[in-house]
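Q: pasting the sequence and the predicted model now:
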Amino acid sequence: MTVMATGNRKSAYEKVRDAMAPQIKAQTSESLCIALMAIDGDRLDEPERIVRGILEEELVNRHPEADAASIRWSDDLEGTESHAEVIVAAVLKALGR
């Protein structure tokens, strides 16, 4: 779920991701799961959507199982779980929780 910059200018997503990187990297996967579920929802404003995307990206990068679940989710047009729920479930399963 990488967002590409246009030209040499960074997108808002990239700016926030780069600024948050040290704090995100320092967190356990479980902490990131909790944060992701706390911010998951349909009525998010732009900053909340950016943070949700950054958390999803970090968990998918850390856990191949979450990446596979994310891909399956994007192919499943009839699923009722949110993208965040699918990622968190895969991470927690991988961690034996």
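A: Looks like it arrived, so ask away. Numbering: from 1, shown residues only.
Q: which residues in this structure form helices?
A: Counting by DSSP state H, the segments of the chain that form helices are 12-26, 29-39, 46-62, 64-75, 83-94.
Q: tell me the most buried of these?
A: helix 83-94 (a mean of 20; mean count of other C-beta atoms under 10 Å). C-beta coordinates here come from the backbone N, C-alpha and C atoms, glycine included.
Q: quick one, the helix-or-strand element of the chain with minimal mean pLDDT and helix 83-94 angle?
A: When the helices and strands of the chain are compared on mean pLDDT, DSSP states H and E, helix 64-75 comes out lowest with a mean of 91. Orientation check (axes from the mean of the first three to the mean of the last three C-alpha atoms, to 10 degrees): helix 64-75 against helix 83-94 gives 150 degrees.
Q: which strands or helices does helix 64-75 pack on?
A: Applying 3 or more C-beta pairs under 8 Å, 6 or more residues apart in numbering; DSSP states H and E, we find helix 64-75 packed against helix 46-62, helix 83-94.
Q: make CSV from these and add mean pLDDT and distance to A19 to it.
A: Formatted as CSV, these follow (pLDDT from 0 to 100; distance: least, C-beta to C-beta, whole Å):
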stretch, mean pLDDT, distance to A19
helix 46-62, 94, 10
helix 83-94, 95, 21
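Q: what sits against the nearest residue to A94 once chain neighbours are set aside?
A: Leaving out its chain neighbours, the residue that sits closest to A94 by C-beta to C-beta, 6 or more residues apart in numbering is E65, at 4.4 Å. Going by C-beta atoms under 8 Å, 6 or more residues apart in numbering, E65 touches 90-91, 93-94.
Q: how about R17?
A: 50, 54, 57.
Q: noted, bye for now.
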